[in-house]
Structure formats: C-alpha cells, structure tokens
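Peer 1: From the sequence below, what's the structure:
(one chain, ligands or ions: 1)
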Amino acid sequence: MALLASTSGFKFGSDQYEFKFTTDDFKRISSLIYKRAGICLPPKKADMVYNRISRRLRVLGLTSFSAYLDHLTSSDSAEWGPFVGSLTTHLTAFFREEYHFATLASHAEKKASQGRVKLWSCAASTGEEPYSMAITMAEQFGTLYPPVDILATDIDPGVLETARRGIYPLERIKSLSDRIVRSYFLRGGGDNKGFVRIRPELQNMITFEPLNLLAPVWTVKMGYDAVFCRNVMIYFDRQTQKQVLQHLQQYLKADGLFFAGHSENLGHVAELFESCGETVYRPRNSNAELSPEAVYGEECYA
Ligand SMILES: C[S@@+](CC[C@H](N)C(=O)[O-])C[C@H]1O[C@@H](n2cnc3c(N)ncnc32)[C@H](O)[C@@H]1O
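Peer 2: Below is the predicted model:
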C-alpha cells in the first residue's frame, strides 16, 4: 500500500512505528467508534488513535491492529468499553464554564416550589460536573440535603466509576475557594494524603448510570428541570447532534433549561431550542419537524 500522510503528519503504513497502522485500520476504527458512540475521527486524529489503541494492543499482547480489530468485533467482546474509553476525551473540571451555575441556581430555586428538582448531567465524565451541580444546589438551598435529585450518565463505565468514588487529587480542586473546599470535601490522611473526597451527602444526591446518548432507547425517566450536555456534541457530526438533541429535548420539562458547552451552538436545531443565555437554551414545542441535512461530516467514516 502507498504510504499516505494524514494531515497531522502521521504516516499510514510506515514501518517506523512499533505497530503498522494502515489507512484501512484507521477507517475501520473510525467507522466502529462512529457507529458505537457517534464520535467523528477525521484523519488528522490518526496519531491520537494510533497512540491510544497501541496501548490496548500492548495490554492484550497483540501484534497488529487487524488482530485487535478482529478481537474487538468478535461476539460479546469485553473490549468495547476500553475501546470507547480510549477514543473519548474526558477532560472536565469543577465549575467548568462557571457562568452556567448561577443560572442553574436561580432556575432550581424557582422550580423547587413545584416539587423536587430533577437535574441531569448526560456526559458526566469523572464527576466534576454533577458534583459542581450538587455543590451549587447545596449553596442555593443552604443545606446538604436540598430538594434535588441529580442523574449523572456517561457512555464510559470507567469514568463513571471514578465519578461514583468521588475521590480527587488536591490539584483538581485548586481553583475552588477554601470555604467551598471546607464545606463540601473531606481531606484524606495517611495513604489518602494529597486527595479529597466529596462529602457523602452530596454523593447521595446523585445517581450514576452508564448511558450511550446514541442508544435508541434510554432507561431514563422524563421530566428534567435542567439537562447539562456539555462538551460532548463537539465530537458528533451534525446529523448525530440533531438526533441526540431531539431525543434529549423530550426529557426536558416544557420550562426546563438545556446547557451546552461553550463551543456548542444550537443554531442548527432552532426548531427544537431557543437561546435564553450564554449557551443556555429553552425547549420549543416538542413535536417540531427537523429540517433534513447533510448525512455525515465530510471526514467521518460511517
Ligand atoms: C469532554 S467530556 C465532557 C465532560 C463534562 N460534560 C464537561 O463539560 O466538563 C465528554 C464526555 O462525553 C462522553 N461521551 C462521549 N460519547 C458519548 C456518548 N455517545 N454517550 C454518552 N457519553 C458520551 C465521554 O465518555 C466523556 O466522558
């Protein structure tokens, strides 16, 4: 096969790497992750894919990408979890895009007069986002037992396990004020020195469950007052975004709020959502027809 260079400079098919990685291997991986998780991997991501999946080859003692892909696609393969986990980005932080939390606080305060407030973080990663929601609720209601239930879901059970444990290196909370740290975290001693643990009262506010946003059926009840779907749609193409947003919209109450990531503008689904703040949206009439659009992003392999 001719050596092709991806736009990142990666040389497909070259012998200079530990494992040979061809354009066909890349296309197969790209297509599998697109179908499984909706994630688009253009050729400029070839070196990232190579590095992350090479780790799996080493762990499994395999010597080629094709052997790995055969193993992955064999029936009932337990490799799907690590495969998806390897190719997804889990970057997150406490109070990331902080401006959202003030909006969430006042919205929840208003909604609490109608009963328990239901919040959902649907790409929760390692938990910093749902815990920031829980801290916001504790602050707003002035108690560790606010009338709030939070659902935290993610496609990757590995990150959800970290979220459920709620233990973080001190470095992860360095941007938080001393008062917030003292109120909502327990400092580790002995072997746990250098780590903090979220207070169990906040953990009890949250249910952690795996959920693939691409799944046609979700095991989630409807009627959320707010949904955080931040920094995950950027990895989807337009068609997948529309499909997921249409599905999520049905889970919001008519007066609920939808929070997107800073670079996730919902202008292309104006039939579904209207803007009411900085990347904050209100659902429109749920039965809206979506306009048809391009099927795949030009560099996605489906
Ligand atoms: C960059 S993190 C965003 C975390 C958090 N929402 C934030 O903004 O800080 C993206 C998360 O989306 C998850 N994810 C990717 N594809 C997904 C899918 N199809 N369904 C559910 N979660 C998905 C990844 O596992 C990852 O934890």
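Peer 1: Look up how far the ligand lies from F236.
Peer 2: Using CB to the nearest ligand atom, to the nearest Å, F236 is found at 8 Å from the ligand. C-betas here are computed from N, CA, C, even on glycine.
Peer 1: Please, which helix or strand holds the most centrally placed residue in the chain?
Peer 2: Closest residue to the average C-alpha location of the chain: A123 at 2.8 Å, with CA atoms, centre = their mean. Assigned by DSSP states H and E, A123 falls within no helix or strand.
Peer 1: Quick check: closest non-adjacent residue to it.
Peer 2: Of all residues not flanking A123 in the chain, V232 sits nearest, at 3.7 Å (CB to CB, 6 or more residues apart in numbering).
Peer 1: Please report phi then psi for the one you found.
Peer 2: Dihedral angles of V232 (phi, psi; degrees, to the nearest 10) stand at phi -120, psi -40.
Peer 1: which ones are touching it?
Peer 2: C122, A123, L213, G261 (CB atoms under 8 Å, 6 or more residues apart in numbering).
Peer 1: Check whether the last one really touches R230, as I assumed.
Peer 2: Yes. Between G261 and R230 a contact is recorded at 4.0 Å, counting by CB atoms under 8 Å.
Peer 1: Would you tell me what the next helix or strand after the top strand by length along the chain is?
Peer 2: Assignment by DSSP state E gives strand 252-260 as the longest strand of the chain. Downstream of strand 252-260, the next assigned helix or strand under DSSP H and E is strand 273-277.
Peer 1: Specify the angle between that following strand and strand 252-260 in degrees.
Peer 2: When axes from the mean of the first three to the mean of the last three CA atoms, to 10 degrees is applied, the directions of strand 273-277 and strand 252-260 differ by 60 degrees.
Peer 1: What pairs with strand 273-277, parallel or antiparallel?
Peer 2: According to DSSP bridges, the neighbouring strands of strand 273-277, each with its direction, are strand 280-283 (antiparallel).
Peer 1: ok, the partner strand near the ligand or not?
Peer 2: No. When contact is scored as CB under 6 Å from any ligand atom, no part of strand 280-283 falls within range of the ligand; the minimum is 14.0 Å.
Peer 1: Check which residues of the longest strand of the chain are buried.
Peer 2: L252, K253, G256, L257, F258, F259, A260 (16 or more other CB atoms under 10 Å).
Peer 1: Spit out the contact partners of the closest residue to E264 other than its chain neighbours.
Peer 2: Taking CB to CB, 6+ apart, and ignoring the residues beside it in sequence, E264 has M233 as its nearest neighbour in space, at 4.9 Å. Contact analysis of M233 by CB under 8 Å, 6+ apart lists Q241, V244, L245, A260, G261, E264.
Peer 1: all helices of the stretch 1-150 of the chain, in order?
Peer 2: 23-37, 46-60, 65-73, 80-87, 99-111, 128-141 (DSSP state H, counting those that start in this stretch).
Peer 1: and the fifth one, what does it pack onto?
Peer 2: Read that as helix 99-111. If contacts are counted by 3 or more CB pairs under 8 Å, 6 or more residues apart in numbering; DSSP states H and E, helix 99-111 sits against strand 117-121, helix 128-141, strand 224-229, strand 252-260.
Peer 1: Put the alpha carbons of that helix into CSV.
Peer 2: Presented in CSV, the C-alpha positions along helix 99-111 are these (Å, rounded to 0.1, in the frame of the first residue of the first chain):
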residue,chain,number,x,y,z
TYR,A,99,-21.4,31.2,34.3
HIS,A,100,-23.8,28.2,33.9
PHE,A,101,-24.0,27.5,37.6
ALA,A,102,-25.5,30.9,38.6
THR,A,103,-28.3,30.3,36.0
LEU,A,104,-28.8,26.8,37.3
ALA,A,105,-29.1,28.0,40.9
SER,A,106,-31.8,30.6,40.3
HIS,A,107,-33.7,28.2,38.0
ALA,A,108,-33.7,25.5,40.6
GLU,A,109,-34.8,27.9,43.3
LYS,A,110,-37.8,28.8,41.2
LYS,A,111,-38.6,25.2,40.3
